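K.L.:
Build me a model from this:
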Amino acid sequence: MKYIFGVDGGGTGCRVALTSQTGQILAKSEGGPANIETSFIKARKNILETCLKALKSAKISKNELTNSFAVLGLAGSNLGNYAEELAKNLPFSKNIILNDGEITLEGAIGPSDGCIGALGTGSVFVGRKNGSTKLIGGWGFNLSDDGSGSKLGKELMRLSIRCHDGLEKHSDVTLDLLRNFDNDIKLMVEKTKSFQPKDYALYAPQVFEALQNNDHNARNIIDSESRIIEKALIATGFSSKKPFCLIGGLGNLFLPHLSKVFKDSAIPPKGDALEGAIAIALREFQ
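P.N.:
As a prediction, the model looks like this:
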């Protein structure tokens, strides 16, 4: 095997790093969503296209895909038999498929014990103790993804409907949300029938922006999700004496709203998920 691929695939996009056998970065590339549970065929297509893009950028023949070793950290890989099916249908000489949370943990804190919360379009919480890894959450958008952008967007929509029905009191954030749908609940219901997690996540920034203006509905949403995040971190084995990172697009936004012990314990990540995938690949390869 001549080359190593590190792949970080989630609900919003796919990132790839191509390296030599010694880990020298030869090229990086980005592509479309790669959650293998929500869209298996499309995710596989995006993963391969992004890998080929990296080869092209490095001026390496696409035929070398079959002479490569790949570590893929993919959203949805802990569900069903998607990872097994994908592993059998990839052209690499050898591949290892992990949950994207595992490569994120490796990138953030290295091989040591500790934990992370990864909050992006989806979410997952990962801890490591005595070398054993534990995942909390990551069960997909319909039943999980606490603290994620997709859940924030959906919770904002649900709350806006309750306000419309007179069950809760409106605030700027709920009124602004309804204006996106011409103040028509029927229109919102119809449009969201085709929504993917990334579509709901587009509305998450509105919640944090409203929070800066002391919007009571935004506060209720963030407080509720913050308490769930804390419980998930504790379930991973959180310890104030061990490395802890809260990362992803929403990590730094949520951190100020967590309890003091989490805020005081948080450290900047050493690296990102892609670096974690490469680190794991190099260990396995060597």
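K.L.:
In the sheet, which residues pair with the closest residue to Ser148 other than its chain neighbours? Tell me.
P.N.:
The shortest distance from Ser148 to any non-neighbouring residue, by Cβ to Cβ, 6 or more residues apart in numbering, is to Ser123 (3.9 Å). The C-beta positions use only the backbone N, C-alpha and C, and glycine is treated the same way. Beta-bridge pairing of Ser123, defined through DSSP bridges, involves Leu119.
K.L.:
Make sure Ser123 is actually in contact with Gly137.
P.N.:
Yes. With contact defined as Cβ atoms under 8 Å, Ser123 and Gly137 form a contacting pair (5.7 Å).
K.L.:
residue contacts, the residue nearest to Ser148?
P.N.:
Gly117, Gly137, Gly138, Ser144, Asp145, Asp146, Gly147, Ser148, Lys151, Gly248 (Cβ atoms under 8 Å, 6 or more residues apart in numbering).
K.L.:
switch the cut-off to 10 Å
P.N.:
For Ser123, the contacting residues are 75, 101, 117, 136-138, 141, 144-151, 225, 228-229, 232, 248, 250-251, 254, by Cβ atoms under 10 Å, 6 or more residues apart in numbering.
K.L.:
From Ile229, how far out is it?
P.N.:
Counting by Cβ to Cβ, to the nearest Å, the separation of Ser123 from Ile229 is 8 Å.
K.L.:
ditto for Gly137
P.N.:
With distances taken as Cβ to Cβ, Gly137 is found 9 Å from Ile229.
K.L.:
Can you check the pLDDT for the residue nearest to Ser148?
P.N.:
According to the per-residue confidence, Ser123 scores 92 in pLDDT.
K.L.:
could we number from 10 for the rest of this?
P.N.:
With the count now opening at 10, the last piece we talked about shows up as Ser132.
K.L.:
hang on, the earlier thing: residues shared between the contacts of Ser132 and Gly146?
P.N.:
When contacts are counted by Cβ under 10 Å, 6+ apart, Ser132 and Gly146 have Gly110, Gly126, Ser153, Asp154, Asp155, Gly156, Ser157, Ile237, Ile238, Ala241 as shared neighbours.
K.L.:
Before I go, just wanted to say thanks for your time.
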